[in-house]
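Asks: Got a predicted structure here, sequence first:
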Amino acid sequence: MELASRRREATVTGADVRVAGVGMTPFGEQPERTTRELFGAAAREAIEDAGIASTAVEELFYGNFMGAIAENQGHQGPMAADAAGIDAPATRVESACASSGAAIRQGVRAIRAGADLVLAGGAERMTNLSTPEGTRGLAGAADALWESRAGVTFPGAYALMARRYFAEYGGDRRDLAHIAVKNHGNAVDNELAQFQRSITVEDVLEATPVCSPFGLFDCSPMSDGAGAVVLASADAVTERDLDARVAVAGTGQGSDRFALQERAELAR
């Protein structure tokens, strides 16, 4: 059956949803810390930062992709709630590398639907796995029928997209290198970042090749870490006198065909 390509997107306005508290762990190799330990640390920090009791949290949306692979742990919503020290309905959200972002989006929607205080965020633990194990696990986000069973990993999949982009719009390897330089530059002064050093375009171009046109500095590393936010309604901010000056302008989400060969546009 031939399927028409699709690009569907949905947006949700913030509608007075506020960020009342934030928490985050360092990111990097922490194989001794479990996912529940990582998320528990970030979640409790966010709750403390918001200045609320854990009993005030009405819902939890927890993003995670690798848990069942890295720790053989499914049904992670209640696990995350226990780690956070809250007694509230908890839902695990999975959307590959966008899992935690999708969890926060669900938190925004919950506030708009009538909740006052929601905890949202996520955690991943990967460095307890070997590189081949982690690579296989991450490849599970690709199409098992057409891609991962043929040996496609995500550096390979994105390399196909990059080469297609160059063919359609121009550009070259050096143009890509500026992205890696920018990303590393953003991390230099971030004490929680995995790599806190600057690099040059030449460093990127001379790095170990991974999958043409990508080299080592173009590819994201495996990492361990967690982050969480407390989202609050405008009423909760007023009634509880919360210091929640950051408002959510909106959220967006889009989906295309799952397998690369079914997409009308591979370059965007």
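Replies: Alright, I've got the coordinates. Keep in mind the model is a prediction, meaning the values are calculated, not measured.

Asks: only C-alpha atoms for contact and neighbour calcs from this point on.
Replies: Fine.

Asks: Now do the residue lying closest to residue 225 once chain neighbours are set aside against residue 231, distance only.
Replies: Excluding the flanking residues, the one nearest residue 225 by C-alpha to C-alpha, 6 or more residues apart in numbering is residue 27, at 4.6 Å. Remark: distance between residue 27 and residue 231 (C-alpha to C-alpha, to the nearest Å) = 23 Å.

Asks: who has more neighbours, the two?
Replies: residue 231 (31 against 20; other C-alpha atoms under 10 Å).

Asks: Please give me every residue in contact with the residue nearest to residue 225.
Replies: 192-194, 223-226 (C-alpha atoms under 8 Å, 6 or more residues apart in numbering).

Asks: before we move on, what about residue 148?
Replies: 139-140, 142.

Asks: By neighbour count, which of those wins?
Replies: Most surrounded of the contacts of residue 148: other C-alpha under 10 Å gives residue 139, at 21 neighbours.

Asks: which residues touch that one?
Replies: 148, 152-154.

Asks: One more: residue 159?
Replies: With C-alpha under 8 Å, 6+ apart, residue 159 has these contacts: 211-214.

Asks: ok, which stretches of the stretch 151-268 of the chain are helices?
Replies: For the stretch 151-268 of the chain, the helices defined by DSSP state H, counting those that start in this stretch occupy 154-169, 173-187, 201-205, 234-240.

Asks: Which of those sits closest to residue 45?
Replies: helix 234-240 (18.4 Å; C-alpha to C-alpha).

Asks: List the buried residues in that closest one.
Replies: Within helix 234-240, the residues scored as buried using 16 or more other C-alpha atoms under 10 Å are 234, 236-237.

Asks: helices and strands around that helix, which ones?
Replies: strand 18-24 (3 or more C-alpha pairs under 8 Å, 6 or more residues apart in numbering; DSSP states H and E).

Asks: which other residues reach the next helix or strand after the strand it packs on?
Replies: Next in sequence after strand 18-24, counting helices and strands by DSSP states H and E, comes helix 35-50. Residues outside helix 35-50 that contact it (C-alpha under 8 Å, 6+ apart): 20-25, 53-54, 67, 79-80, 83-85, 119, 121-125, 225-230, 242-244.

Asks: Recalculate using a threshold of 7 Å.
Replies: 20-25, 54, 79-80, 83-84, 122-125, 225-230, 242 (C-alpha atoms under 7 Å, 6 or more residues apart in numbering).

Asks: How about stretch 69-85?
Replies: 36-37, 39-40, 43-44, 54, 60, 62, 67-68, 87, 90-92, 125-126, 129, 137.
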